[in-house]
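S.K.: sequence unavailable; structure follows:
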């Protein structure tokens, strides 16, 4: 393993499932900056973001054997772990995040941290895909994903029926997937 060559993420996770800590080190090197950016955006606390980042990789190590490549990428698996841990933290403190003084989290120019730092093409593609969404749909998506609002909280917050919120979020996700060239999914799925 890791004999100087670049291992694909799925191979790294397979090695990790067998207890190879070098695989964990490599995954951490590849994904910790962008996962940290997501956690910071969600939690609005550097200290908590660092803590959840570490917890995310510990959980990845523990759950590596459960990974199923047909269900999504290693990146999606890791980011789901991190996001779920951050949402649990938000719920446990029963407060919504506060704005960091040096970050405007709702500015379209703010870096979202959802791409690999070494690939500016991903950053450009994600930013363009988000900008193509209707502003109200983009706001709902950001509030659901980054701020951790549930569908019912969004319905109350925006004074819209729950079904409308779910439909708009689903539509926005499908459009993002189409814009980014992901696998096609029907609206009924």
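M.R.: Cool, the structure landed. Remember, predicted model here, so these are calculated numbers, not experimental data. Numbers count the residues shown, from 1 in each chain.

S.K.: quick check: domain ranges of this protein?
M.R.: Per the record, the chain has its domains at 1-100, 119-189, by automatic domain parsing.

S.K.: next helix or strand past the helix or strand of the chain with the lowest mean pLDDT?
M.R.: Least confident element among the helices and strands of the chain, by mean pLDDT, DSSP states H and E: helix 120-132 (a mean of 71). Under the assignment DSSP states H and E, the closest C-terminal helix or strand after helix 120-132 is helix 135-145.

S.K.: now for the host helix or strand of residue 165, which elements pack on it?
M.R.: Remark: residue 165 resides in helix 162-179, with elements defined by DSSP H and E. Helices and strands touching helix 162-179, by 3 or more C-beta pairs under 8 Å, 6 or more residues apart in numbering; DSSP states H and E, are helix 120-132, helix 135-145, helix 151-158. All C-beta spots, glycine's among them, are computed from the backbone N, C-alpha and C.

S.K.: okay, and for the protein, where does confidence drop off?
M.R.: Residue ranges of the chain with pLDDT under 70: 1-6, 94-123, 182-189.

S.K.: hmm, try it at 90
M.R.: 1-7, 38, 41-45, 68-73, 76, 87-134, 136-154, 160, 162-167, 169-189 (pLDDT under 90).

S.K.: hmm, back to that, next, the angle from the helix holding residue 165 to helix 135-145.
M.R.: Here helix 162-179 runs at an angle of 100 degrees relative to helix 135-145 (axes from the mean of the first three to the mean of the last three C-alpha atoms, to 10 degrees).

S.K.: chain center to helix 162-179, what's the gap?
M.R.: 16 Å (C-alpha atoms, centre = their mean, to the nearest Å).

S.K.: check which residues of that helix are buried.
M.R.: Judged by neighbour count (16 or more other C-beta atoms under 10 Å), helix 162-179 contains these buried residues: 165, 168-169, 171-176, 179.

S.K.: tilt between that helix and helix 151-158?
M.R.: Going by the same axes, to 10 degrees, helix 162-179 makes 100 degrees with helix 151-158.
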